[in-house]
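Student: Build me a model:
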Amino acid sequence: MKKMMSKISKVFIPAVISLFFFSSIASAHVTVIPKTSATGAWETYTLKVPVEKELATTKVTVKAPEGVEVMSYQAVPGWTYSSEKDASGKVKTFTFEATGEGILPGQFQQFVFVAKNPDKATKAAWDAFQYYKDGSVVEWTGDEGSDSPHSITDIVTATSTDHHDTATTEHAEKTDKAQTTDTEKEDETSDSLPRILSGVAALLSLIALVLAIRKK
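Tutor: So this is what the prediction gives:
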């Protein structure tokens, strides 16, 4: 029995550790949604900042992608907003900084802003810099598949059915509602990941148990 339990632990424990490590890394990225938007659109974007360390995040700075004009932002209690502009007055970078304790471990914060998309199709890369309480900085500036990838919005050519080409109040309200739905869907996806991984871990343990019994 002891030999069987030893065999099981050798297979099961490393599998569980690796799965939960992957889960924490996969859900810790700074992201900007939506992932797809139309050329020329006045889009409402949501910046989502989770905490990947056992320290509070106190500041996040985002570099505006080339051709994307950041126009306005939604105030967040406990946070200040500032921006750096180029010679023409367009926002180059913008920063949200905590006036209090910031984003604590196990939490995330969303920041909403409106930007005008470029008129030509492109892939807008959102380079982000996440500052922690101890002064360390995580640079989310890598390519897709890297350890610290930047978020990308695919700016596609607008069609005749697109209604993202006006800055009217009605458009803004519709966009806000759509954005809320997108955010909820992403959160649901993020929340379901640990459950899926837990199921995989349970399946692996069952397989390990069967193999150990057969070897016995």
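Student: Would you map the helices across this protein?
Tutor: Ranges of helices within the chain are 2-26, 169-215, based on DSSP state H.
Student: Least reliable of the ones you listed by average pLDDT, please.
Tutor: The stretch with the lowest average pLDDT out of these is helix 2-26, scoring a mean of 45.
Student: quick one: strands adjacent to the longest strand belonging to the chain?
Tutor: With secondary structure taken from DSSP state E, the chain has its longest strand at strand 122-132. Here strand 122-132 has these sheet partners by DSSP bridges: strand 57-63 (antiparallel), strand 137-140 (antiparallel), strand 151-156 (antiparallel).
Student: distance between the ends of stretch 49-61?
Tutor: One end of stretch 49-61 sits 11 Å from the other (CA to CA, to the nearest Å).
Student: outside of that stretch, which residues touch it?
Tutor: 24-25, 27-30, 47, 93-98, 101-111, 128-134, 136, 138 (CB atoms under 8 Å, 6 or more residues apart in numbering). Just so you know, the C-beta spots here come from the backbone N, C-alpha and C atoms, and that holds for glycine as well.
Student: ok, of those, which come out buried?
Tutor: Neighbour-count burial within the contacts of stretch 49-61 applies to 27-30, 47, 93-96, 98, 102-103, 108-109, 111, 128-133, 138; the criterion is 16 or more other CB atoms under 10 Å.
Student: separation between the closest residue to Tyr132 other than its chain neighbours and Gln107?
Tutor: Closest residue to Tyr132 apart from its sequence neighbours, by CB to CB, 6 or more residues apart in numbering: Leu55 at 4.6 Å. Per CB to CB, to the nearest Å, Leu55 is found 12 Å from Gln107.
Student: One more: Val156?
Tutor: In terms of CB to CB, Val156 sits 33 Å off from Gln107.
Student: What of Pro118?
Tutor: 33 Å.
Student: likewise Lys48?
Tutor: 11 Å.
Student: Equivalent analysis for Phe129, please.
Tutor: Taken as CB to CB, the span from Phe129 to Gln107 is 19 Å.
Student: Who are the contact partners of Val137?
Tutor: Val137 touches Phe129, Gln130, Tyr131, counting by CB under 8 Å, 6+ apart.
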